[in-house]
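Undergrad: Mind folding the following:
(2 chains)
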Amino acid sequence: MNAKNLIAKRIALELKDGYLVNLGIGIPTLVANYTPEGVNIFFESENGIIGMGPVPQDGMENPDLVNASAKYVTAMPGSSCFDSTISFGLIRGGHLDVTVLGGLQVDEKGRLANWMIPGKMIPGMGGAMDLVTGAKRVIVSMTHTAKGKPKIVKKCTLPITSIRRIDLLVTEMAVIEPTENGLVLKEIAPGVTIDEVLKNTEAHLIIPENVPTMKVE
Amino acid sequence: MQVLKPTEVIEMIPNGSTLMVGGFLGVGTPDCLMDEIIDQKKKDLTVVCNDSAFPDRGIGKLIVAKLVKKLIASHIGTNPETQQQMIKKELEVELVPQGTLAERIRAAGVGLGGILTPTGVGTSVENGKQVIELDGKKYLLELPIHSDFALIKAKRADYLGNLSYSLTARNFNPIMAMAADVVIAEVEEIVPVGAITPDEVHTPNVLVDYVIVDGRH
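TA: Numbering: from 1, shown residues only, chains lettered A, B, ... in the order given. Below is the predicted model of the structure:
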């Protein structure tokens, strides 16, 4: 299994029946492919829909029905559409059970930076700041390192997305839970050692006595 | 409400005006009005919108045609031209978190002096803004955004100007319809009064000044 699918599969285990979930662009989108059987999730998108379904068949696209990446989607029976204030009211108002976002850096305080690299890439925050501030649970998916450099750092050097501590970080090497006391190594990926995780992490990690392997097949 | 041709309605817009433009990555954007602005070379515009779409689509075309002086938006990552003009200082860009943008527009439309949001607290979005603490929680005071014109897109209008939107093409359109001096709606068809039932009216006719029909439908 490649890194992206491993991350997506592990995050999918966090989703529970009946959850309202927002998936960001990139790896987070893949999470929808791995929702456990019998678990019905309501997928929400910032542009104003609850109940997004899979990509439509060729010829069945509706130009007015897209996700937040402007890609065609379908609407499942029971879907609803609404304006941007309702959409962000759901997000900011604590109605969203889980948001899964990509990340550029996560630091020891569990703070996420994911919206710009000054001087290089300034896409804007879009809905990210509201999502991280308002969702009940914030799960970040990212590769453990970028070009060999750790992305889990002591303190974010990039502009942060929110002061809110994220709830869970999943990489291709580990599952890490930011807590009041710091970052706790909860699980390691199959075939990865704790030493390897430490070597690729700049931030201090709290290592419990027992660190199980991720339960992904 | 008056039904006009795109040429007539855009002729009313002076150079240097502030325009709100509906849409999310081009979906729900009044394309005929965008093309007409380009044909009439309206310039020095301030544009308030969710994003600058793509170089060949929606608001993105106004950016490429260099008609925009200032852009207030949440996301510019899908249009490289926006970032280039911003870096060259040809275009002033104010990036606003998406949920905050929606509420600032809504505030202007519903007579509120501002809104308090936790989004952006402790980030670069906070710079220059008043932080207000209530019951131990910090909020940013975000001020209303009003505009001279709102250029919105609906699926249908009736001959009184009642509007009905389609699926995810609704997004910012209904809130912008309340926050501008003059509201211009581009629709796919105009139907007899009564054909849009009271429950299906998303924007009441009293808010709409002009309707133009997108002849492509």
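Undergrad: Please work out which residue of chain B is closest to chain A.
TA: B:G77 (2.6 Å; CB to the nearest CB). The C-beta positions use only the backbone N, C-alpha and C, and glycine is treated the same way.
Undergrad: How about that residue: what's its closest non-neighbour residue?
TA: A:P123 (2.6 Å; CB to CB, 6 or more residues apart in numbering or on different chains).
Undergrad: Give me the neighbour count for the one you found.
TA: The number of residues packed near A:P123 is 19, by other CB atoms under 10 Å in any protein chain shown.
Undergrad: Ok, the one 3 residues further on next?
TA: Using other CB under 10 Å, A:G126 has 26 other residues around it.
Undergrad: Disregarding flanking residues, what is the spatial nearest neighbour of it?
TA: B:H75 (4.0 Å).
Undergrad: Show the contacting residues for that neighbour.
TA: A:P123, A:G124, A:M125, A:G126, B:N50, B:D51, B:S52, B:L95, B:Q98 (CB atoms under 8 Å, 6 or more residues apart in numbering or on different chains).
Undergrad: now that we have those, which one has the most neighbours?
TA: Ranked by neighbour count (other CB under 10 Å), these have B:S52 at the top, with 35 neighbours.
Undergrad: so that one makes contact with B:P80?
TA: No - B:S52 is beyond contact range of B:P80, at 9.9 Å (criterion: CB atoms under 8 Å).
Undergrad: pLDDT wise, what is the residue nearest to A:D107 when sequence neighbours are not counted at?
TA: The shortest distance from A:D107 to any non-neighbouring residue, by CB to CB, 6+ apart, is to A:C156 (4.6 Å). With respect to pLDDT, A:C156 has a value of 98.
Undergrad: A:C156 against A:E108, yeah?
TA: No - at 9.5 Å, A:C156 does not count as touching A:E108 under the criterion of CB under 8 Å.
Undergrad: Those two: who's more crowded?
TA: Between A:C156 and A:E108, counted using other CB under 10 Å, A:C156 has the larger neighbour count: 20 against 17.
Undergrad: tell me which element the more buried one falls in.
TA: Using DSSP states H and E, A:C156 sits in no helix or strand.
Undergrad: For it, give me phi and psi.
TA: Torsion angles at A:C156 (phi, psi; degrees, to the nearest 10) stand at phi -60, psi 130.
Undergrad: mind listing what it touches?
TA: So A:C156 contacts A:Q105, A:V106, A:D107, A:R111, A:L112, A:A113 (CB under 8 Å, 6+ apart).
Undergrad: Count the neighbours of the first one for me.
TA: Okay, so that is A:Q105. Other residues near A:Q105 come to 25 when the count uses other CB under 10 Å.
Undergrad: now it, nearest residue through space, not along the chain?
TA: In space, A:Q105 is closest to A:A113, 4.3 Å off (CB to CB, 6+ apart).
Undergrad: Neighbours of that neighbour, how many?
TA: A:A113 - counted by other CB under 10 Å - has 21 other residues nearby.
Undergrad: low-confidence ranges in chain A?
TA: Counting by pLDDT under 70, chain A contains no low-confidence segment.
Undergrad: Taking it, what residue is nearest to chain B?
TA: For chain A, CB to the nearest CB, closest residue to chain B: A:P123, 2.6 Å.
Undergrad: hang on, isn't B:I132 packed against B:K138?
TA: Yes - B:I132 lies in contact with B:K138 (CB under 8 Å); the separation is 7.5 Å.
Undergrad: Which parts of chain A are helices?
TA: Using DSSP state H, the helices assigned to chain A run over residues A:3-12, A:27-30, A:84-92, A:128-134, A:194-199.
Undergrad: No further queries at this time; thank you.
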